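[1] could you work out the structure for the sequence below:
(chains A, B, C and D)
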2 protein chains.
Amino acid sequence: MSKVSLKALSEKLGLTEGTVSRALNNYTDISEKTRERVRAAAQEMGYRPNSSARRLAIGNAECVGYVMSWQLGHLSEPFLGELLDGLSESLSDRHWDLTLAVSRSAQDELAIISRMAQSGRVNGLVISRTLTHDPRVDRMREIGIPFVTHGRTANSDEHAWFDIDNYSAFREAVAHLCQLGHRRISHIRGPLEYNFAASRHAGYRRGLLDHGLDLYPELEAKSDMSENGGYRAMRYLLSLQKPPTAVVCVSDSVALGAMKAIRERGWRPGREVSVIGYDGLPLGEHTDPPLTTMAQPLQTAGRKIGDMLLAVIDGADPKQQQELWSATLERRETDGPPMAEQS
Amino acid sequence: MSKVSLKALSEKLGLTEGTVSRALNNYTDISEKTRERVRAAAQEMGYRPNSSARRLAIGNAECVGYVMSWQLGHLSEPFLGELLDGLSESLSDRHWDLTLAVSRSAQDELAIISRMAQSGRVNGLVISRTLTHDPRVDRMREIGIPFVTHGRTANSDEHAWFDIDNYSAFREAVAHLCQLGHRRISHIRGPLEYNFAASRHAGYRRGLLDHGLDLYPELEAKSDMSENGGYRAMRYLLSLQKPPTAVVCVSDSVALGAMKAIRERGWRPGREVSVIGYDGLPLGEHTDPPLTTMAQPLQTAGRKIGDMLLAVIDGADPKQQQELWSATLERRETDGPPMAEQS
DNA sequence: CTTGATTCCGAAAGCGCTTTCGGAATATTA
DNA sequence: TAATATTCCGAAAGCGCTTTCGGAATCAAG
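    Residues are numbered from 1 along each chain as shown, chains lettered A, B, ... in the order given. Model (predicted):
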């Protein structure tokens, strides 16, 4: 690729490679005059230091990795793009790269982590969708590579993480429904191995208890993270003797499916049964009716995660790199007071 | 990171680094016995060749880049995840990496391309959302780095590309509406600089002509690629003296916004005005009513693009690496015959 | 004008791996 | 057994860049 090497440049300048290198890297032992001369020549010849060579010499990959799992339809997560955007923004300040790896199995994922870390391909890693007990963080810690998780784990005290306060978010969502007068509040939850799903679930339960409501297992429906999962779960809930008057969903996507089930029954979301989603997706404004949701601030999450990772790489104490942000209730039109008892 | 180097490994084995290297890389001049011995030791010590060193020596980055632009809300594109997934799947066969770069301006994007290519950081590039006249492909060609575009350009004959036949898709969508009896068919189009938007627009027009319909500029509304853009565009169309009885939208997202505008007027998509989207997003099944759409097969597009890029890198003629796939009409419930004239 | 402190650059040693080349050691053929 | 052909590995030269070290040349101080 790069036809112009340091050697070519230095020969043209009548300097040694070392000198040119130092000039370009702003060493103080190079006179301002020659530094400029070198810069100009480099510019003119279109010199680009070979990354592999530089990285080898410098002993640094100038690169971090994001490893995402194939599971859970992770790839279609709404936060993917934003996260990558923020990450790369953070990295671009120092001209570092972002390498992506997607795994095809849990085993595969651990292998990928090891390989990327131990081959010196990256200086740090970030993973998303943490499990409560996540073998990936064990692996990363054992390897000793800097990392930050997007989402907490059971022993998050030990590492750097970024998370949204899912627990409080769902507690708040339930509180909101209670204030509207609901007492039969359902939850369509995600796979509980995932920390975020477990937190939301726990927050939901806590919300009920806050308001003196009992926990009814039949009011909790399991789902994957897809619209279809939400649809099926909601159909189940609607088939109950006494269907819930409100349901909080693990995500906006799931809420979308739930809404469809509600409509199919001839009911209307926000009237016969309120529904609250989670994510704050823009498309929620355009559903029928517009979806009330707990909106998470993901526009800058990636940026923050990147900054945290860089800090850890720079030697910061991972335990100090922990950030918990909050979601906020965004009322649209799928939440309303319960209708008069009807059975 | 990697504590065990080739040197350490070779010393432990009582062999030279060169020999160990050759053993690990399956050179034929190493006896099967020592090869096995080396493998075992490598495995045991957890040896991982340092990537930077390997890449430098080998003169190959073992890596390709995907550069995405910040524009157009590209990041939230539905195909992002699938594309990355497919790409990485293709690359993982040879254990190559995928590095991501997101640009913050058109200028920036060109700079990124140059830097990645000329610093030998990647062996090839892929870009999405091509413009009809795309300076990025000019740049890549001028640099001489292998690449494939996701979407065609004005001079696509010259390079490798993957695309969906947008033109035919929209022509077909219009044909479908005509067969249902529609004669006032609108199009909410995207920014025409983008090749895909221009193709869809052209396909729409061609569809009208196919059926002997005239082109009315006022029936074409411009929009960005967001739900909101579709919403505003549709409001405009509904404000016409004689609103269209059907509208084909540049994307499902845009269609979502359009549907909202239709509902707000007290009408129902598929009854007073039919709407057809494009993308085939799963969430379209759960809108109200479920969105009829031209579905594109993106599950394997990434894989294909990756394979094509690899082929070009391996020396294949870029002009032979061109692939055009078709979208297919997925009828759901937003298409129907026009209602009786009503004004 | 000499001595010592500064500037500024050349020389050279890597970074960790790959690959070519040549030559022992062993096997094959006459 | 001698001569030729094979097998298998050691030695060494890079890949392109960074960085330490030392020494001219230039400066300020005596």
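[2] the stretch 151-300 of chain A against chain B: which residues are in contact?
    Selection of the stretch 151-300 of chain A residues close to chain B by CB under 8 Å from any CB of the partner chain yields A:226-228, A:231, A:253, A:256-257, A:259-260, A:263, A:282-283, A:285-288. C-beta: built from backbone N, CA, C; applies to glycine.
[3] try it again at 10 Å.
    A:226-228, A:230-231, A:252-253, A:255-261, A:263-264, A:268-269, A:281-290 (CB under 10 Å from any CB of the partner chain).
[4] which of those residues fall in helices?
    The helices, defined by DSSP state H, take in A:227-228, A:230-231, A:252-253, A:255-261, A:263-264 from these.
[5] tell me the two of these that are most distant?
    Greatest spacing in those, by CB to CB: A:D252 and A:E264 (18.9 Å).
[6] of those two, give the one with the bigger neighbour count.
    Counted by other CB atoms under 10 Å in any protein chain shown, A:D252 and A:E264 do not tie: A:D252 has more neighbours, with 25 against 13.
[7] surely the more buried one meets A:G277?
    Yes. Between A:D252 and A:G277 there is a contact under CB atoms under 10 Å: 4.0 Å.
[8] overlap in contacts of the two?
    Common neighbours of A:D252 and A:G277, counting by CB atoms under 10 Å, 6 or more residues apart in numbering or on different chains, are A:G230, A:G284, A:T287, A:L291, A:T293, A:M294, A:A295.
[9] distance of the residue in the stretch 101-250 of chain A that DNA strand D sits nearest to from A:V247?
    Residue nearest to DNA strand D within the stretch 101-250 of chain A: A:G120 (13.4 Å; CB to the nearest atom of the strand). For A:G120, the distance to A:V247 (CB to CB, to the nearest Å) stands at 49 Å.
[10] neighbour count: these two, which is higher?
    A count of neighbours by other CB under 10 Å puts A:V247 above the other of A:G120 and A:V247, at 34 against 23.
[11] part of a strand, is that one?
    Yes. Assigned with DSSP: H, G, I helix; E, B strand; the rest coil, A:V247 falls within a strand.
[12] how about the nearest residue to it, chain neighbours excluded?
    Excluding the flanking residues, the one nearest A:V247 by CB to CB, 6 or more residues apart in numbering or on different chains is A:S186, at 4.1 Å.
[13] quick one: the one helix or strand A:A101 maps to to strand B:97-103, angle?
    Assigned by DSSP states H and E, A:A101 belongs to strand A:97-103. Orientation note: strand A:97-103 sits at an angle of 130 degrees relative to strand B:97-103 (axes from the mean of the first three to the mean of the last three CA atoms, to 10 degrees).
[14] pull the CA atoms of strand A:97-103 into PDB?
    The C-alpha coordinates for strand A:97-103 follow below in PDB (Å, rounded to 0.1, in the frame of the first residue of the first chain):
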ATOM      1  CA  ASP A  97      -8.900   2.100  15.900                       C
ATOM      2  CA  LEU A  98     -11.900   0.100  16.800                       C
ATOM      3  CA  THR A  99     -12.000  -3.500  15.900                       C
ATOM      4  CA  LEU A 100     -15.200  -5.500  15.900                       C
ATOM      5  CA  ALA A 101     -15.600  -9.100  16.600                       C
ATOM      6  CA  VAL A 102     -18.800 -11.000  16.500                       C
ATOM      7  CA  SER A 103     -19.000 -14.400  18.100                       C
END
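[15] in the stretch 1-150 of chain A, which spans are strands?
    With DSSP state E, counting those that start in this stretch as the criterion, the stretch 1-150 of chain A has strands at A:63-69, A:97-103, A:124-128, A:147-150.
[16] mean neighbour count for those - can I get that in CSV?
    Shown next, in CSV, are the strands of the stretch 1-150 of chain A (neighbours: other CB atoms under 10 Å in any protein chain shown):
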stretch, mean neighbour count
strand A:63-69, 25
strand A:97-103, 23
strand A:124-128, 24
strand A:147-150, 26
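[17] of those, which is nearest B:A23?
    Smallest distance to B:A23 across those (CB to CB): 27.1 Å, for strand A:97-103.
[18] thinking again about what came up before, who wins for most neighbours among the shared contacts of A:D252 and A:G277?
    That'd be A:G230 among the shared contacts of A:D252 and A:G277, by other CB under 10 Å, with 32 neighbours.
[19] tell me which residues touch that residue, please.
    A:188, A:190, A:221, A:223-224, A:247, A:249-261, A:275, A:277, B:286.
[20] so how far is A:V250 from it?
    As judged by CB to CB, A:G230 and A:V250 stand 8 Å apart.
[21] give the residues shared as contacts by these two.
    Residues touching both A:G230 and A:V250 (CB under 10 Å, 6+ apart): A:I188, A:G190, A:S223, A:D224, A:G277.
[22] which pair in these spans the largest distance?
    Farthest pair in the shared contacts of A:G230 and A:V250, by CB to CB: A:D224 and A:G277, 15.3 Å.
[23] who has more neighbours out of those two?
    A side-by-side neighbour count of A:D224 and A:G277, using other CB under 10 Å, places A:G277 first with 31 against 18.
[24] you'd agree that one is in a helix?
    No. Counting by three-state DSSP, A:G277 falls outside a helix, being strand.
[25] what's near enough to touch A:L240?
    Neighbour list for A:L240: A:R184, A:S186, A:Y216, A:E218, A:L219, A:A221 [criterion: CB under 10 Å, 6+ apart].
[26] which among these gets closest to DNA strand C?
    For those, the nearest to DNA strand C is A:A221 (51.8 Å; CB to the nearest atom of the strand).
[27] chain neighbours aside, what residue packs nearest to the closest one?
    A:A233 (3.8 Å).
[28] circling back: could you turn the buried ones of the residues of the stretch 151-300 of chain A next to chain B into a PyMOL selection?
    The buried residues among these can be selected in PyMOL (16 or more other CB atoms under 10 Å in any protein chain shown) with this line:
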select buried, chain A and resi 226+227+228+230+231+252+253+255+256+257+258+259+260+261+268+269+281+282+283+284+285+286+287+288+289+290
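[29] check the residues of the stretch 151-300 of chain A next to chain B against DNA strand D, which are close?
    Counting by CB under 7 Å from any atom of the strand, nothing from these sits close to DNA strand D.
[30] per-residue confidence for A:E341?
    Note for A:E341: predicted pLDDT of 59.
[31] for DNA strand C, give me its nearest residue in the stretch 51-200 of chain A.
    In the stretch 51-200 of chain A, the residue that lies nearest DNA strand C is A:A57 (3.6 Å; CB to the nearest atom of the strand).
[32] that residue and A:N25 touch, don't they?
    No. Contact criterion CB under 10 Å: A:A57 and A:N25 do not qualify, at 11.1 Å.
[33] between the two, tell me which one has more neighbours.
    When A:A57 is set against A:N25 and neighbours are counted by other CB under 10 Å, the residue ahead is A:A57, at 14 against 11.
[34] contacting residues around that one?
    A:S21, A:P49, A:N50, B:S52, B:A53, B:L56.
[35] buried subset of the contacts of A:L240?
    For the contacts of A:L240, buried by 16+ other CB under 10 Å: A:R184, A:S186, A:L219, A:A221.
[36] tell me the mean pLDDT over the helix or strand where the second one lies?
    Translated: A:S186. Using DSSP H and E, A:S186 sits in strand A:185-189. The average pLDDT for strand A:185-189 rounds to 98.
[37] kindly report the same for stretch A:37-46.
    Taken as a whole, stretch A:37-46 has a mean pLDDT of 95.
[38] ditto for stretch A:243-254
    Throughout stretch A:243-254, pLDDT has a mean value of 97.
[39] what do you get for stretch A:106-116?
    Averaged across stretch A:106-116, pLDDT comes to 94.
[40] how far is that stretch from where the chain is centred?
    With CA atoms, centre = their mean, to the nearest Å as the basis, stretch A:106-116 stands 19 Å off its chain's centre.
[41] ok, now stretch A:163-182?
    The chain centroid and the centroid of stretch A:163-182 are separated by 21 Å under CA atoms, centre = their mean.
[42] pull the CA atoms of that stretch into PDB?
    Output of stretch A:163-182 as PDB, limited to C-alpha atoms (Å, rounded to 0.1, in the frame of the first residue of the first chain):
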ATOM      1  CA  ASP A 163     -24.900   1.000  33.100                       C
ATOM      2  CA  ILE A 164     -28.400   2.400  33.100                       C
ATOM      3  CA  ASP A 165     -30.200   2.100  36.400                       C
ATOM      4  CA  ASN A 166     -32.700  -0.500  35.100                       C
ATOM      5  CA  TYR A 167     -33.900  -1.300  38.500                       C
ATOM      6  CA  SER A 168     -35.000   2.200  39.300                       C
ATOM      7  CA  ALA A 169     -36.400   2.700  35.900                       C
ATOM      8  CA  PHE A 170     -38.800  -0.200  36.200                       C
ATOM      9  CA  ARG A 171     -39.600   0.700  39.800                       C
ATOM     10  CA  GLU A 172     -40.500   4.100  38.500                       C
ATOM     11  CA  ALA A 173     -42.500   2.800  35.700                       C
ATOM     12  CA  VAL A 174     -44.600   0.700  38.100                       C
ATOM     13  CA  ALA A 175     -44.900   3.700  40.400                       C
ATOM     14  CA  HIS A 176     -46.300   5.700  37.600                       C
ATOM     15  CA  LEU A 177     -48.900   3.100  36.800                       C
ATOM     16  CA  CYS A 178     -49.800   2.800  40.400                       C
ATOM     17  CA  GLN A 179     -50.400   6.400  40.600                       C
ATOM     18  CA  LEU A 180     -52.700   6.100  37.600                       C
ATOM     19  CA  GLY A 181     -54.700   3.700  39.700                       C
ATOM     20  CA  HIS A 182     -53.500   0.300  38.300                       C
END
